[in-house]
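Asker: Generate a structure from the sequence data that follows.
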Amino acid sequence: MKYGKWTCLFSFFLLFGCAAPHYFWPQKDIGFKETNPQTVEKRILIASRDSAFKRELVDRITAAYSNRPIYIRTTGIESLSNENANDYSAVVLITTCMGWTVDVEVEKFLTRYGHLSSIIVLTTSNGGDVLPDMETRKIDAISSASVTDRVQPLAQKMIAKINRLIE
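Answerer: The predicted model follows:
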């Protein structure tokens, strides 16, 4: 019985310990913005947490499509529960790794829409080595450290991935 309590306690911390940072240190979201009319056929959703690195990345991606007839909706990760991935040609999720996992809201979104191949997930982490669970999902996922020198090449990589989805 003594070992049962310790095993139960250890299991609790193991299962919920990795998600705890998401609840204790919530991240700020990027602001809402729309580019081009919603009536165009091609549509991109970009959902992101907020940081100087992520804002610059989102700005570069958005600028690449600003003169084209493509609707771009930029919103925060917390607003993903209000979004339907089926309404977009491409969905870009830019999130922060905490506790060796992707954001809880991103994971919920991927549980609903991970079967779609139109989703691209970028996870930032110190080591640049954390990806969402890819098993049974058709998403495209990459990971990177939030290093300012990497914004331009990472933006080009993301734009190339988006281009494959919208063209």
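
Asker: If you count neighbours, what's buried in the one helix or strand Lys54 maps to?
Answerer: Using DSSP states H and E, Lys54 maps to helix 52-65. Going by neighbour count (16 or more other C-beta atoms under 10 Å), the buried part of helix 52-65 is Phe53, Lys54, Arg55, Leu57, Val58, Arg60, Ile61, Thr62, Ala64, Tyr65. Heads up, the C-betas are built off the backbone N, CA and C, glycines and all.

Asker: my guess is the fourth one contacts Arg150, does it?
Answerer: Going back to what we said before, that points to Leu57. No. At 9.2 Å, Leu57 and Arg150 do not qualify as touching, with contact defined as C-beta atoms under 8 Å.

Asker: hmm, which helix or strand of the protein has the shakiest average pLDDT?
Answerer: helix 20-24 (a mean of 48; mean pLDDT, DSSP states H and E).

Asker: what's the closest non-adjacent residue to Phe109?
Answerer: Leu80 (4.5 Å; C-beta to C-beta, 6 or more residues apart in numbering).

Asker: Please settle this for me: is the one you found part of a strand?
Answerer: No. Under DSSP: H, G, I helix; E, B strand; the rest coil, Leu80 sits outside any strand and is assigned helix.

Asker: Numbering from 47 from now on, please.
Answerer: All right, first residue 47 from here; so that's Leu126.

Asker: Who are the contact partners of it?
Answerer: Ala93, Leu139, Glu151, Val152, Lys154, Phe155 (C-beta atoms under 8 Å, 6 or more residues apart in numbering).

Asker: need the contact list for the most centrally placed residue in the chain.
Answerer: Centre of the chain computed as the mean C-alpha position; nearest residue by C-alpha atoms, centre = their mean is Leu139, 2.4 Å away. When contacts are counted by C-beta under 8 Å, 6+ apart, Leu139 touches Ala93, Ser94, Ile123, Leu126, Val152, Phe155, Ile165, Ile166, Val167, Leu168.

Asker: And the pLDDT at it?
Answerer: Note on Leu139: pLDDT of 95.

Asker: Low-confidence stretches in this structure?
Answerer: 47-73, 144-146, 172-180 (pLDDT under 70).

Asker: for it, what spans make up the helices?
Answerer: 48-63, 66-70, 98-111, 150-159, 197-212 (DSSP state H).

Asker: Report the buried members of the contacts of Leu126.
Answerer: Of the contacts of Leu126, these count as buried by 16+ other C-beta under 10 Å: Ala93, Leu139, Glu151, Val152, Phe155.
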